[in-house]
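# coords below, sequence missing:
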């Protein structure tokens, strides 16, 4: 069964450093997403991406965040200067039009 | 904010049907109801979705009331591995995002 793959599974970084979280969506999907979940809290939408551009973003997704689909298969989330409060599980998801999104297993980001 | 209301927790005996209710009284005519679950801190797992007709797949059944103001997810024969947080989500029209609430924590016991 096709699945969304995320790497790394766990990333530890120092405050102020840049991190890139990577995702390989399901191959025939057209819509891509990033969500995050701070420990013990709800899953929160960050951004959606379609046709090589951001289609929607939340207020969390500020100038410190960016997304890219560099090579037609990978989908990345970059945080330019990490803060302690960026520590969370980050989930990538993908979907075909009018179908439920399928989520990866997440990257646990720990900012120290 | 989430447009759904779910009980915070439920118990179910292994082998019995688990019926998880959800209220979405403000749903619009073109908004879909989605169900996901999350086991521990794993990624949310898609279960099923529907618009107005009842739906069934290999995982579950979704029963939507005629007025669409509520729905029930049915796991016909719950197993211990079905212990998870179950989220009922109304996908807002003309948007791709899913707005997760706090869900129902289902505990399946032996």
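All right, it came through fine. The shown structure was predicted, so the numbers you read here are calculated from the model rather than taken from an experiment.
# And for the closest residue to chain A within chain B, the neighbour number?
Nearest residue of chain B to chain A (C-beta to the nearest C-beta) works out as residue B:43 at 3.6 Å. All C-beta atoms are positioned from the backbone trio N, CA, C, and that covers glycine. Counted with other C-beta atoms under 10 Å in any protein chain shown, residues neighbouring residue B:43 total 23.
# Mind checking if the host helix or strand of residue A:78 is in reach of chain B?
Here residue A:78, judged by DSSP states H and E, is contained in strand A:75-79. No: applying C-beta under 8 Å from any C-beta of the partner chain, one finds strand A:75-79 out of contact with chain B, separated by at least 14.1 Å.
# Can you check the pLDDT for residue B:1?
For residue B:1, the model assigns a pLDDT of 63.
# ah, wrong one, I meant residue B:29
On pLDDT, residue B:29 comes in at 83.
# Spell out which residues of chain B are next to chain A.
So chain B meets chain A at B:34, B:36, B:38, B:41-46, B:48-49, B:87, B:95-102 (C-beta under 8 Å from any C-beta).
# Contact residues of chain A facing chain B?
Contacts of chain A with chain B, taken as C-beta under 8 Å from any C-beta, map to A:4, A:31, A:33, A:35, A:37, A:42-45, A:48, A:50, A:55-56, A:58, A:89, A:91, A:93, A:95, A:99-106, A:108.
# returning to what we had before: sort out for me which of the residues of chain B next to chain A are in strands.
Using DSSP state E, the members of these that fall in strands are B:34, B:36, B:38, B:45, B:46, B:48, B:49, B:87.
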